[in-house]
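Student: Here is a sequence together with a model predicted from it:
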Amino acid sequence: MFAMTRRRLQKLIDTEQVRKAIMAGESRTSGEIRVSVAPWFWGDVERAAERAFVRLGMMRTRERNGVLFFLVPARQSFVVRGDEGIHAHVGQAFWDDLAAAMSAYFRRGEFTQGLVFGIHAASEKLARHFPFDAERDVNELPDDVDLS
């Protein structure tokens with residue numbers, strides 16, 4: 001086992017390309033998308049994703065329509081989690097199908113491509129249920145990739 005340093009994480013994922021995918025996706029919706037990439041750690045990945053969800057303020061969006069992609073590459077694990085507003089529209093089957101599709105990319109080591117695919121798919125659903133309104137929408141959360 002080895003510790004995933006910030007530098008190693010940045011080599012696995014093109015954070016600028018992911019940030020641009022987030023910005024493009026959010027330009028069509030009031031929803032918010034975040035990506036958090038964690039180094040190796042002990043403990044439950046689902047629980048760590050829940051903590052990241054809270055730490056990143058995902059549930060503080062006006063319409064409760066935030067989506068978090070939480071990756072732990074060193075553990076070969078990830079979680080996709082939508083807040084209650086978007087989850088009520090798409091249901092668990094959407095998140096399960098999205099995770100399965102992203103897994104195919106990740107198994108090949110294509111982390112950036114998998115994230116961009118997932119961001120695009122999530123933003124499609126967000127745009128359908130929470131379309132962008134130029135008069136009232138603001139970017140509620142940062143678009144940068146969290147490397148905590």
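Tutor: Great, that's in hand. Only a predicted model underlies this, so the values are computations on that prediction, with no experimental measurement involved.
Student: And the longest helix anywhere in the chain, how far out from the chain middle?
Tutor: Taking DSSP state H as the criterion, the chain has its longest helix at helix 84-107. Helix 84-107 sits 11 Å away from the centroid of its parent chain (Cα atoms, centre = their mean, to the nearest Å).
Student: helices or strands up against that helix?
Tutor: The helices and strands touching helix 84-107, judged by 3 or more Cβ pairs under 8 Å, 6 or more residues apart in numbering; DSSP states H and E, are strand 77-82, helix 111-129. Heads up, the C-betas are built off the backbone N, CA and C, glycines and all.
Student: buried set for that helix?
Tutor: Neighbour-count burial for helix 84-107 flags Gly85, Ile86, His87, Val90, Phe94, Trp95, Leu98, Met102, Tyr105, Phe106 (criterion: 16 or more other Cβ atoms under 10 Å).
Student: quick one: pLDDT of the residue nearest in space to the middle of the chain?
Tutor: Centroid-nearest residue in the chain: Phe69, 2.4 Å away (criterion: Cα atoms, centre = their mean). Looking at Phe69, its pLDDT is 98.
Student: For Arg81, see how far away it is.
Tutor: Counting by Cβ to Cβ, to the nearest Å, the gap from Phe69 to Arg81 is 8 Å.
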